[in-house]
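Engineer: Could you look at this predicted model? Sequence included:
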Amino acid sequence: MSATATRAADRLRPAGDADLATILRWRNHPRVREVSLTRHEISPAEHAAWWAVVRADPDRRLLVHEHRGEPCGVVTFSGVASREKALTWGFYLDVEGLDARGRLMPAWLSLERAAIAYAFDSLGARTLGGETLATNRPVLALHRRFGFEIVRRYERDVDGTPHRVVWTELSRRP
């Protein structure tokens with residue numbers, strides 16, 4: 001298996017209207033909100049408005065990750081239509097469901113592998129970067145494992161409170 005290949009039962013697919021309630025439930029899980037850059041509980045109306053904007057924006061992609069054939073996470077990309085192909089990404093998982101099945105770490109590894117492959121192979125990214133709270137050491141460690149490098153650190157307002165944020169980036173050399 002190549003570095004960018006994924007298992008046949010693991011994949012990213014475009015999110016659709018039928019996924020919205022599940023995506024909202026995953027996003028509103030307290031453990032996901034705790035490490036997010038927006039921490040309030042998102043209402044169904046706010047989620048629907050966000051979805052209307054995202055699906056109409058040619059510069060963004062919202063994908064559902066399936067691990068062993070089961071939906072278990074979300075990957076977002078922006079910068080897709082940019083000439084520079086400097087993509088920004090984010091993700092979150094079905095923490096509760098994966099924990100209950102004992103599959104959190106395998107699914108997380110699979111999601112990160114699939115997202116990197118999708119960004120570079122399908123979207124033509126030159127760089128893939130994202131923000132992580134400095135306190136979210138598990139995500140920073142996983143990014144490092146996949147070759148991401150810390151590019152900068154800065155402070156960002158998260159729901160009215162300043163937080164240290166780390167920007168990590170992965171580049172593909174031509």
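Structural biologist: Right, received. Where do you want to start?
Engineer: Is Arg152 bridged to anything, and to what?
Structural biologist: Per DSSP bridges, the residues bridged to Arg152 are Trp167.
Engineer: Give me the pLDDT for Ala5.
Structural biologist: If you check Ala5, the pLDDT there is 44.
Engineer: what does the one 4 residues further on give?
Structural biologist: The predicted local confidence for Ala9 comes out at a pLDDT of 82.
Engineer: Pull the number of nearby residues for it.
Structural biologist: As a burial measure, Ala9 scores 11 neighbours (other Cβ atoms under 10 Å). C-betas here are computed from N, CA, C, even on glycine.
Engineer: what do you get for His67?
Structural biologist: For His67, using other Cβ under 10 Å, the count is 26.
Engineer: Against Arg137, how distant is it?
Structural biologist: Per Cβ to Cβ, to the nearest Å, His67 is found 23 Å from Arg137.
Engineer: and what of Lys85?
Structural biologist: 29 Å.
Engineer: Could you list the low-confidence segments of the protein?
Structural biologist: Scanning the chain for pLDDT under 70 picks out the ranges 1-8, 173-174.
Engineer: Can you list the residue ranges for strands in it?
Structural biologist: For the chain, strands defined by DSSP state E occupy the ranges 11-14, 60-67, 70-78, 86-93, 127-133, 149-158, 161-171.
Engineer: Please identify which of Lys85 and Arg137 sits among more neighbours.
Structural biologist: Lys85 (17 against 11).
Engineer: Name the nearest residue to the more buried one, sequence neighbours excluded.
Structural biologist: Arg126 (4.4 Å; Cβ to Cβ, 6 or more residues apart in numbering).
Engineer: which ones are touching Leu62?
Structural biologist: Applying Cβ atoms under 8 Å, 6 or more residues apart in numbering, we find Leu62 in contact with Pro14, Ala15, Ile23, Trp51, Val54, Arg55, Val74, Val75, Thr76.
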